[in-house]
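[1] Take this sequence and fold it.
(one chain, ligands or ions: 1)
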Amino acid sequence: MNKLRGFEVGPIRPPSEAKSLLVRVTRNCQWNRCTFCPVYKDKEFSVRSVDEVISDIDLLCKHLSSIRASFKFPHEMSADQIRALSQKVDPMELPTFDYAFKWFYYGMHSVFLQDADSLVIGSENLARILRHLRDTFPWIERVTSYSRSSTILKIGKEGLREIRNASLDRIHVGLESGSDTVLRFVKKGATKEMHIRAGRMAKDVGFELSEYVMPGLGGKKLTVEHAEETADALNQINPDFIRLRPLALTSRAPLFLESEKGHFQKCNDIEIVQELLLLIGNLEGISSMIVSDHILNLFADLEGRLPQDKEKLLSILHSFMSMDSESQLLFRLGRRLGLFEGMGDMNNTKKLDRARNIVTTKGITTQNIDTVIDKLMERFI
Ligand code: SF4
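    Take a look at the predicted model:
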């Protein structure tokens, strides 16, 4: 928890909210049982009072006003001017000044409510916070939050409408899988039917809906069921965004222990690509945008609107599968090292030579590449 006076920020946000102001409404996750998720495992859940959140917003507004009184546009600011301005700030409020400054720098377009499920505080409390946020920063273009399907269903249509009328624009839901077997195994606390009902309800009320899908979550055993059932759930929801965020395990996640005990066999990149072919191939009759905005994705450019971009998406996956095993190894490694973004980078001789050089010097082979990739991916969890 980062708190000196006032402004408090939680540990995570969706990648798409990197430039958003983060407003912490609750601390940690009330559910906290998903076995693949390490984020809040040793942390206790609590709700911040509405007055406390409002006082964060007011404190940030105070510092933002002083920044805006000195500079009209971020590019006008020199390092010396910023230093001079920050020296006038009460040291106890410097973190708030820094957040205000960062948001100003990014254009002050959007706000993300933290942590894992802000809707859990109830529609009345959330609407109060949202109204205060909009009154204080009337220029905001988008306010978004994570929520869980079970919370959405508990709040119901009337409560959701109250929240939507108070201008929450987008809800990010961790669907993860449409397979009840997988959802039960990872203790998601939702069934396929609940995900579908909650997703449709959120869309009916007028929210933009992001559904997070976790390729690999069924492991080797349930990969086909995971892909087919997830596609079926998404076909019934038609979310605005389908965001891919593949499974990566750290020792802090209970599923890691399951995998150590041999109760869960993790898919490698190639099995995940096969799973994605099945998942995307089965998406029918929807107009969602597929997004690969998480660094864990093997292809940063696996993005497009359905149905028109479906063939393009499948062709990226097919072209990876048609490469020989040495080229697949180079691409996997190059991507995880930040050298490559998409398959097009395989034509970049300079980047390819760098990847080849690492493979040779580190002794990476088709036998040990899965372990190497697992280690590299741990940095991003
Ligand atoms: S995945 Fe989301 S709901 Fe599940 S434990 Fe993690 S933060 Fe909580």
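
[2] And residue 121, its phi and psi?
    Main-chain dihedrals, residue 121, degrees, to the nearest 10: phi -80, psi 0.

[3] In contact with residue 199, which residues?
    Residue 199 makes contact with 149, 173, 175, 209, 211, 233, 236-237, 239 under the criterion C-beta atoms under 8 Å, 6 or more residues apart in numbering. C-beta coordinates here come from the backbone N, C-alpha and C atoms, glycine included.

[4] try 6 Å this time
    Contacts for residue 199 (C-beta atoms under 6 Å, 6 or more residues apart in numbering) come out as 209, 237.

[5] Quickly find the element holding it.
    Using DSSP states H and E, residue 199 falls within helix 192-205.

[6] Each with direction, which strands does the following helix or strand past that helix pair with?
    Next helix or strand after helix 192-205 toward the C-terminus (DSSP H and E): strand 208-213. Strand 208-213 has its sheet partners listed here by DSSP bridges as strand 170-176 (parallel), strand 241-244 (parallel).

[7] Going along the chain from strand 208-213, find the next helix or strand for me.
    Using DSSP H and E, the helix or strand that follows strand 208-213 towards the C-terminus is helix 223-237.

[8] just checking, residue 239 touches residue 213?
    No. Counting by C-beta atoms under 6 Å, residue 239 stays clear of residue 213, with 9.7 Å between them.

[9] what about this protein, any weak spots by pLDDT?
    Within the chain, the ranges that satisfy pLDDT under 70 run 1-6.

[10] what does it put close to the ligand?
    Contact residues, the chain versus the ligand (C-beta under 6 Å from any ligand atom): 29, 31-32, 34, 37, 39-40, 116, 148, 174.

[11] Just give me the neighbour total for residue 213.
    25 (other C-beta atoms under 10 Å).

[12] mind listing what whatever residue of the stretch 51-200 of the chain ends up closest to the ligand touches?
    Nearest to the ligand in the stretch 51-200 of the chain, going by C-beta to the nearest ligand atom, is residue 116, at a distance of 3.7 Å. Counting by C-beta under 6 Å, 6+ apart, residue 116 touches 29, 146.

[13] Look up the closest residue to residue 56, ignoring the ones flanking it.
    Among residues not flanking residue 56 along the chain, residue 7 sits closest, at 5.0 Å (C-beta to C-beta, 6 or more residues apart in numbering).

[14] Next SSE downstream of the strand or helix carrying residue 315?
    Secondary structure assignment for residue 315, by DSSP H and E: helix 310-321. Using DSSP H and E, the helix or strand that follows helix 310-321 in sequence is helix 325-336.

[15] what's in contact with that following helix?
    269, 298, 340, 355, 366, 369, 373, 376.

[16] Find the residue closest to the third one in space, skipping its chain neighbours.
    Right, the one you point to is residue 340. residue 334 (3.9 Å).

[17] swap in the fourth one?
    Leaving aside its chain neighbours, residue 355 sits nearest to residue 334 (4.1 Å; criterion: C-beta to C-beta, 6+ apart).

[18] That neighbour: how many residues sit nearby?
    Around residue 334 there are 22 other residues, counting by other C-beta under 10 Å.

[19] With residue 153 instead?
    17.

[20] picking up where we left off before, check the gap between the residue nearest to residue 355 and residue 301 for me.
    To residue 301, residue 334 is 14 Å away according to C-beta to C-beta, to the nearest Å.

[21] Same question for residue 201.
    Using C-beta to C-beta, residue 201 is found at 33 Å from residue 301.

[22] out of those two, which sits in the more crowded spot?
    residue 201 (18 against 15).

[23] Enumerate every residue touching the more buried one.
    For residue 201, no contacting residues are found, by C-beta under 6 Å, 6+ apart.

[24] and what of residue 339?
    Residue 339 touches 351, 354-355, counting by C-beta under 6 Å, 6+ apart.

[25] now swap in residue 341 and tell me
    Counting by C-beta under 6 Å, 6+ apart, residue 341 touches residue 300.

[26] Which element, helix or strand, includes it?
    Using DSSP H and E, residue 341 falls within no helix or strand.

[27] Same question for residue 58.
    helix 50-70.

[28] Noted, bye for now.
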